[in-house]
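Enquirer: need coordinates for the following:
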Amino acid sequence: MSPLLHIGHQVDLGAWHFEPTVVAGTFIALAFYAYGVMTLKEAFSGWRAASFTAGVAVMFVALVSPLDGASDRLLSMHMVQHVAVTTVGPPLIILGLSPALLAPILRPGWISRLAPRLTHPVLTGTLFIVNMWFWHVPPVYDLALDNLAVHITMHVAFIATGLLFWWPVVQPTPATGTHGEGARLLYLFATGMPMGLLSLLFFASSGVIYEHYETADRLWGISAINDQQIAGLVMGALGEAASFAAITILFFRFLDREEAEVSAAAPHRTDAA
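Expert: Got it, this is the predicted structure:
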């Protein structure tokens, strides 16, 4: 096992390890959010606050719970952790951000000019896909498992690109750009294909991809190759579940908008006749 990562971390329900960097990051995120909603009364919304808190909690649990200890011994558990910090936590956090809360942050001119470019779907989708594929290249992944600084960098990169990826889908404020339901559906479909291919590689590979998991102490009697196949299923199923939910919501909103436009146009056609 890695000499640096998860030292002394047991894999049982009581094995929580409160890493200072994770605790500090969680505290800072919640403190800034609380300060914002208390300072800007119009920015507070009960469901938004609950969503933001839930998103931060998902990431916190993924990084300090027994899941983190298990991820050093099973690729499938590491994949669950990655799904939590890229696909589950980020959209919940962004849903918790209201336009009123973001307005002071976007007020400076250089930020208001940079934000729409930084959150453009072409850039965010590309960064998300490239980042995910890069960290799963075997030499890079094995290095991240054996080097604490690289491992932290990997998690930060996953969180950052996850937040950027979901920004144009949720669109918390018009100040960073607006895209119709059709464009967002295309965005989710287009980015889903490369991620599906990556999950298929894990599932269909006949050999163990990562040396670390081939030599690590096995957990729960799962073989390295079966663990790898489960990891592919996790990425393909759980990883796409949030995208599927978003696609479903956007699709029905798209149909509702189309129906509303047709209904609005109908009286004019009748009057003209």
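Enquirer: elements contacting the strand or helix carrying residue 104?
Expert: Per DSSP states H and E: residue 104 is located in helix 99-106. Applying 3 or more C-beta pairs under 8 Å, 6 or more residues apart in numbering; DSSP states H and E, we find helix 99-106 packed against helix 20-39, helix 109-118. C-beta: built from backbone N, CA, C; applies to glycine.
Enquirer: report the angle between the shortest one and helix 99-106.
Expert: In other words, helix 109-118. 120 degrees (axes from the mean of the first three to the mean of the last three C-alpha atoms, to 10 degrees).
Enquirer: which other residues reach the helix or strand following helix 109-118?
Expert: Tracing the chain C-terminally past helix 109-118 and defining elements by DSSP H and E, one meets helix 121-135 next. Contacting residues not belonging to helix 121-135 are listed as 86, 117-118, 140-141, 144, 154, 157-158, 161-162, 164-165, 167-168, 179, 183-184, 187, 190-191, 194-195, 198 [C-beta atoms under 8 Å, 6 or more residues apart in numbering].
Enquirer: one more time with 6 Å
Expert: Here helix 121-135 makes contact (C-beta atoms under 6 Å, 6 or more residues apart in numbering) with 154, 157, 161, 164, 165, 168, 187, 191, 194.
Enquirer: ranking the residues you listed by neighbours, who comes first?
Expert: Of all the contacts of helix 121-135, residue 165 has the most neighbours under the rule other C-beta atoms under 10 Å, reaching 28 neighbours.
Enquirer: roughly how far apart are that one and residue 124?
Expert: Between residue 165 and residue 124 the computed distance is 5 Å (C-beta to C-beta, to the nearest Å).
Enquirer: swap in residue 146?
Expert: Counting by C-beta to C-beta - residue 146 and residue 124 are separated by 30 Å.
Enquirer: thought residue 96 was touching residue 48, still the case?
Expert: Yes - applying C-beta atoms under 6 Å, one finds residue 48 in contact with residue 96, separated by 4.7 Å.
Enquirer: compare neighbour counts for these two and give me the winner.
Expert: residue 96 (23 against 18).
Enquirer: grab the nearest non-local neighbour of that one.
Expert: Nearest residue to residue 96 in three dimensions, chain neighbours excluded: residue 52, at 2.5 Å (C-beta to C-beta, 6 or more residues apart in numbering).
Enquirer: what's the local residue count around that neighbour?
Expert: 24.
Enquirer: phi, psi of the spatially most central residue of the chain?
Expert: Nearest to the geometric centre of the chain sits residue 86, at 2.1 Å (C-alpha atoms, centre = their mean). Phi and psi for residue 86, reported as degrees, to the nearest 10, are phi -110, psi -30.
Enquirer: run a quick neighbour tally on the residue nearest to it when sequence neighbours are not counted.
Expert: Nearest residue to residue 86, sequence neighbours excluded (C-beta to C-beta, 6+ apart): residue 162, at 3.7 Å. Residues lying near residue 162 (other C-beta under 10 Å) number 27.
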